[in-house]
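Engineer: Sequence first, predicted model second:
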Amino acid sequence: MQDTAISPAVENYLKEIYLLQTKTGAPVATSQLADRLRVAPASVTGMVERLAREGLVEHVRYRGAHLTDEGRRAALRVVRRHRLLESFLVSDLGMGWEEVHEEAEALEHAVSERLLEAIAAKLGDPARDPHGDPIPSADLEIDEADAISLDRLPVGTSGRLVRILDAEADLLAYLDDLGISLGDDVQVLALEPFGGSFTVSIAGRTHSLGRLAAAALSIETE
């Protein structure tokens, strides 16, 4: 199947399956997709069955779905469009990193390949988007570099902030308010017991971060 024949709804499903599959390394459950896409589980079940018939996913009932090679390539096309658009909106239109996700969600289904490659060339074929997410190449190669979420790091660990996972607008605005940016040096100073907050040094400033915020910060350790 060519990606020109894939509807926006199917593209959204393939993209979310790819993102969840990459994050967990496991087949994606119907309930996970329903939560991410904010649709009824019954609707997800019907769409996943359709994707399986079209050869885009493999689905085992009660065990979840994962992308086929064809489905993965189709998903990476959407991911490339989305992340290049986010990069363009930030670098050339001056939008904040917390503003661009929803705009890219709308534009990713409409932008032509010719325009997309012109955007990529203008940006110098960036390897990562404004949130640190890797951008697939034109050949759909992607470097999901190893990094660890801050909430999994032991006290005393040092590294560099390279990615904001599940980058929601409220979280990004919060990080902006704290003056936290990609590339900042990070050190875990202390951890409150029983699922408490993390005390961290980021770019030389001390912050107390809740577990949800810490889980979103992806650190490349030294």
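Structural biologist: Yes, it's here.

Engineer: Are we agreed that F88 is in a helix?
Structural biologist: Yes: F88: assigned to a helix according to DSSP: H, G, I helix; E, B strand; the rest coil.

Engineer: ok, it - how many residues close by?
Structural biologist: 24 (other C-beta atoms under 10 Å). Quick note: C-beta positions are derived from backbone N, CA and C, even for glycine.

Engineer: any idea how far it lies from L123?
Structural biologist: Noted for F88: a distance of 6 Å to L123, by C-beta to C-beta, to the nearest Å.

Engineer: try E103
Structural biologist: Taking C-beta to C-beta, one finds E103 at 16 Å from L123.

Engineer: Is the residue in the chain sticking out farthest from the centre in a helix, a strand, or coil?
Structural biologist: With distances taken as C-alpha atoms, centre = their mean, the residue sitting farthest from the centre of the chain turns out to be P193, at 29.1 Å. Secondary structure, three-state DSSP: P193 is coil.

Engineer: Same check on D166?
Structural biologist: Applying three-state DSSP: D166 is coil.

Engineer: so what's the closest residue to it other than its chain neighbours up against?
Structural biologist: Leaving aside its chain neighbours, D166 sits nearest to A216 (5.8 Å; criterion: C-beta to C-beta, 6 or more residues apart in numbering). A216 is in contact with S149, I164, L165, D166, A167, L171, counting by C-beta atoms under 8 Å, 6 or more residues apart in numbering.

Engineer: want to throw those into a markdown table with distance to D69?
Structural biologist: Below are the contacts of A216 laid out as a markdown table (distance: C-beta to C-beta, whole Å):
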| residue | distance to D69 |
| --- | --- |
| S149 | 28 |
| I164 | 29 |
| L165 | 25 |
| D166 | 26 |
| A167 | 28 |
| L171 | 33 |
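
Engineer: can you redo these as TSV with distance to G204, neighbour count and pLDDT?
Structural biologist: Listed next are those as TSV, based on distance: C-beta to C-beta, whole Å; neighbours: other C-beta atoms under 10 Å; pLDDT from 0 to 100:
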residue	distance to G204	neighbour count	pLDDT
S149	22	15	92
I164	20	22	94
L165	23	16	86
D166	26	12	74
A167	23	20	71
L171	22	17	92
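
Engineer: Excluding residues flanking it in the chain, which one is nearest A29?
Structural biologist: Skipping the residues right next to it in sequence, A29 comes nearest to G64 by C-beta to C-beta, 6+ apart, at 4.8 Å.

Engineer: distance of that neighbour from P126?
Structural biologist: 32 Å.

Engineer: I164 now?
Structural biologist: 16 Å.

Engineer: Residue ranges in this structure under the pLDDT threshold?
Structural biologist: 1-5 (pLDDT under 70).

Engineer: Okay, strands next: where are they in it?
Structural biologist: For the chain, the strands defined by DSSP state E occupy 57-60, 64-67, 148-149, 158-164, 185-191, 198-202, 205-209, 217-221.
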